[in-house]
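S.K.: Just to be clear, the model below is a prediction. Sequence and coordinates:
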Amino acid sequence: MDMPSTMMTDEQEESLRVLFLPENPHDVTTAEKIFGDADIDLAPCSSLTEVLCKLDQGAGVILATEEQLLDEELDRLVERLEAQPAWSDLPLLVITRSGKPYPVSQRLAEAGNVSFIERPIHFKPLVSIVRAALRDRQRQYAIRRSLANRDRFLAMLGHELRNPLAAIIFGVDQLETDADGSAREIIRRQSANLERIVDDLLDVSRISRGALSFDKERVDLAQLTRETVSAFENIAADEGVEMTLEVEDDAPHWVYGDAVRLEQMFGNLLKNAVRYTPEHGRVDVSVSREADEVVVRVTDNGIGIPEEMLQNIFELFSQAHVDFSRREGGLGLGLSLAHSIVESHGGDIVARSDGKGEGSVFEVRLPAEETTASQGPEGGSEAHEPERPDDQAPSKDERAEGLRLLVVEDVDDVREPFCEMLRLRGYEADEAATGQAGIDAAHEHSYDVVLLDIGLPDLDGFEVAQTMRADGYEGLLVALTGYSSEEDRQRADAAGFDTLLTKPVSFHKLEEAIATVQTGWSSPPS
């Protein structure tokens, strides 16, 4: 069944009209007069089907008689009301017969914001009831605007952080030949931390819009947990915390999920455990199979969670621990993201603690994916690794040989070290600081690859790409952007880009994209 997910378009997003479904069509004239005098926009409907159609254009309230709801379309109405986004709770006012049972009341009660008004009705009180419902709807719109403003802020914050982050990462790459390896490692580690913060901020925005994407396949959760623990062992050791892992047996523990998101979720749990475990403490991780679930537990002997905070521990921006003497305060994002990721995989996550000073346990349960004979022992642990035949993967020197690149980027501290690294790796790299300069360069010279920033000061990258393609450029066109929504990817495709890379761009991903010019062994990363 086709059913809009938001119940309203952007154009009609704050409609305050009342969809009126009377028992008797003759009531429409009287109602229009009464509500018109009260300056209330009334939209009469002749059937529940018409109500559903007009709902697509937006509504502030539905006012209907019980008799008109005894219709085969009632289930569709309930489904539409239940499918509302989190901010929306459309008021439904139902006029019923006095003293009679409500045949539709139980079904409608499942839909949320439903009120029943018994006959006989006087229009003046009815107008007051409708006004109150409309005020409720206006408050919902205000919440929606607030959420939208927050999402825009988070998206912009992430974008603004990515430019300095890109400069740091390119600078780190330039230090590869520097003798001071310890300084280089500190910069690299902190850059990675900053990148994780940016990713978490952007994921918060995606979650609130219901836009967090997943690429699911069979994943060996035991192996994924081993890799995640291995990545965090040194971090824990630097803080004086011992981290251990116990896997029930050596057999794979299959689940159906997004390996990247699951690794992100476990990383957040481990980071949280280390953050709130004092020096000489322990973080123990276990993986086991219980009935039809794979269970991962992260147990620490840290500062614990107060009982009053346990029920809110997974709420966005919630922090059980506010202790400014600790190593890190955190943004209150990690556990909320972990909760959303687990729920999106059909699983469950719970937190337990006996209180302050008693440590904590975070338990993740995910539906187990059974192994079939056809899948074999290697059917899934490698499923989230890109397939790339070794004999077709070009080396760095092979990638660079004979290739001429154009980098179009307005931020000098990003563009200049980026181009310098390309040249050090054997590429011929030209620079352009504006969209028009990039167009002119592509018109005058022949490039194998154009790396094009989307957020340019004169022309946006989409316009530049379209112009280059119209001028006959046939080489690889790579979008570089701090945004990475599905809409951005669609716009990039429409503009003629071959692939889109999200800043900060690692040279590994960049060279994978460049490799398609020479070999075509894989699709460019996105």
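M.R.: Arrived safely, thanks for sending.

S.K.: partner residues bridging residue 360?
M.R.: Beta-bridge pairing of residue 360 under DSSP bridges involves residue 300.

S.K.: show me what contacts it?
M.R.: Counting by Cβ atoms under 8 Å, 6 or more residues apart in numbering, residue 360 makes contact with 273, 276, 299-300, 302, 304-305, 351-353. The way it works is simple: take the backbone N, C-alpha and C, and place the C-beta from them, glycine included.

S.K.: same thing but 10 Å
M.R.: With contact taken as Cβ atoms under 10 Å, 6 or more residues apart in numbering, residue 360 is in contact with 272-273, 276-277, 298-305, 310, 313, 320, 351-354.

S.K.: Ok, residue 432 next?
M.R.: Going by Cβ under 10 Å, 6+ apart, the list of residues near residue 432 reads 406-410, 415, 438-442, 450, 452-453, 456, 464.

S.K.: redo that, cut-off 6 Å
M.R.: 408, 438, 441 (Cβ atoms under 6 Å, 6 or more residues apart in numbering).

S.K.: Next step: the contacts of residue 360 restricted to strands.
M.R.: With DSSP state E as the criterion, strands contain 298-300, 351-352 from among the contacts of residue 360.

S.K.: neighbour-wise, which of the residues you listed leads?
M.R.: residue 300 (27 neighbours; other Cβ atoms under 10 Å).

S.K.: Report the separation between that residue and residue 307.
M.R.: Per Cβ to Cβ, to the nearest Å, residue 300 is found 17 Å from residue 307.

S.K.: For the stretch 1-150 of the chain, give me the ranges with low pLDDT.
M.R.: For the stretch 1-150 of the chain, applying pLDDT under 70 flags the ranges 1-13, 71, 99-103.

S.K.: Revised request: answer the last question for the stretch 251-400 of the chain.
M.R.: In the stretch 251-400 of the chain, residues with pLDDT under 70: 316-332, 371-400.

S.K.: mind listing the strands for it?
M.R.: 254-257, 282-290, 293-300, 348-352, 360-367 (DSSP state E, counting those that start in this stretch).

S.K.: So which of those strands is nearest residue 28?
M.R.: Among the strands of the stretch 251-400 of the chain, strand 348-352 comes nearest to residue 28, with 50.2 Å by Cβ to Cβ.

S.K.: How is this structure partitioned into domains?
M.R.: 18-143, 150-208, 217-367, 390-518 (automatic domain parsing).

S.K.: So what's the residue count around residue 139?
M.R.: For residue 139, using other Cβ under 10 Å, the count is 11.

S.K.: Next, work out how far apart it and residue 166 are.
M.R.: Residue 139 is 41 Å from residue 166, by Cβ to Cβ.

S.K.: residues of stretch 459-471 that come out buried?
M.R.: 459-465, 467-468 (16 or more other Cβ atoms under 10 Å).

S.K.: which one of the residues you listed sits closest to residue 54?
M.R.: Scanning these for proximity to residue 54, where the rule is Cβ to Cβ, the winner is residue 462, at 35.7 Å.

S.K.: before we move on, what SS does the closest one have?
M.R.: helix (DSSP: H, G, I helix; E, B strand; the rest coil).

S.K.: Model confidence at the residue nearest to it when sequence neighbours are not counted, what's the number?
M.R.: Among residues not flanking residue 462 along the chain, residue 495 sits closest, at 4.2 Å (Cβ to Cβ, 6 or more residues apart in numbering). What the model reports as pLDDT for residue 495 is 95.

S.K.: OK, contacts around residue 495?
M.R.: Each residue near residue 495 by Cβ under 6 Å, 6+ apart is listed here: 462, 465-466.

S.K.: and the gap between it and residue 433?
M.R.: Distance from residue 495 to residue 433, by Cβ to Cβ: 20 Å.

S.K.: so residue 431 is in which element?
M.R.: strand 428-432 (DSSP states H and E).

S.K.: tell me which residues in that strand are buried?
M.R.: 429-432.

S.K.: rewinding a little: looking at the ones in strands among the contacts of residue 360, which one is closest to residue 151?
M.R.: Once Cβ to Cβ is applied, the member of the ones in strands among the contacts of residue 360 that ends up nearest residue 151 is residue 351, at 26.6 Å.

S.K.: Just list the residues touching the closest one, thanks.
M.R.: 310, 313, 362.

S.K.: and what of residue 63?
M.R.: 18, 20, 93.

S.K.: Buried ones among these?
M.R.: Applying 16+ other Cβ under 10 Å to the contacts of residue 63 flags 18, 20, 93 as buried.

S.K.: Just list the residues touching the second one, thanks.
M.R.: Contacts here follow Cβ under 6 Å, 6+ apart; on that basis residue 20 touches 31, 42, 44, 63.

S.K.: before we move on, back to that, give me the average confidence score over the strand holding residue 431.
M.R.: Strand 428-432 comes out at a mean pLDDT of 95.

S.K.: Send me it as PDB with only the CA atoms.
M.R.: The C-alpha coordinates for strand 428-432 follow below in PDB (Å, rounded to 0.1, in the frame of the first residue of the first chain):
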ATOM      1  CA  GLU A 428      50.700  15.500 -12.000                       C
ATOM      2  CA  ALA A 429      48.300  17.800 -10.100                       C
ATOM      3  CA  ASP A 430      47.000  21.300 -11.100                       C
ATOM      4  CA  GLU A 431      45.000  23.600  -8.700                       C
ATOM      5  CA  ALA A 432      42.000  25.800  -9.000                       C
END
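
S.K.: Paired strands for it, with orientation please.
M.R.: Partners of strand 428-432 in its sheet, by DSSP bridges: strand 404-408 (parallel).

S.K.: which of the residues in the strand it pairs with are buried?
M.R.: Applying 16+ other Cβ under 10 Å to strand 404-408 flags 405-408 as buried.

S.K.: Report the rounded mean pLDDT for it.
M.R.: 96.

S.K.: From the contact counts, what lies against the very next helix or strand once past it?
M.R.: Per DSSP H and E, strand 404-408 leads on to helix 412-424 as the next helix or strand towards the C-terminus. Packing partners of helix 412-424 (3 or more Cβ pairs under 6 Å, 6 or more residues apart in numbering; DSSP states H and E): helix 123-174, strand 404-408, strand 428-432.

S.K.: who touches helix 412-424?
M.R.: 166-167, 170-171, 173-174, 407, 409, 429, 431.

S.K.: cool, and stretch 253-266?
M.R.: 214-216, 218-219, 221-222, 224, 228, 287, 289, 294, 338, 341, 345, 366, 369, 371, 380, 384.

S.K.: got the CA coordinates for that stretch in PDB?
M.R.: Provided in PDB are the C-alpha atoms of stretch 253-266 (Å, rounded to 0.1, in the frame of the first residue of the first chain):
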ATOM      1  CA  HIS A 253      28.500 -16.000  15.300                       C
ATOM      2  CA  TRP A 254      26.400 -14.900  12.300                       C
ATOM      3  CA  VAL A 255      24.000 -12.000  12.300                       C
ATOM      4  CA  TYR A 256      22.400 -10.100   9.400                       C
ATOM      5  CA  GLY A 257      23.500  -6.500   9.700                       C
ATOM      6  CA  ASP A 258      25.600  -3.500   8.600                       C
ATOM      7  CA  ALA A 259      29.200  -4.300   9.600                       C
ATOM      8  CA  VAL A 260      30.200  -0.600   9.600                       C
ATOM      9  CA  ARG A 261      27.300   0.500  11.800                       C
ATOM     10  CA  LEU A 262      27.700  -2.500  14.100                       C
ATOM     11  CA  GLU A 263      31.400  -1.700  14.500                       C
ATOM     12  CA  GLN A 264      30.400   1.900  15.200                       C
ATOM     13  CA  MET A 265      27.900   0.800  17.900                       C
ATOM     14  CA  PHE A 266      30.400  -1.500  19.700                       C
END
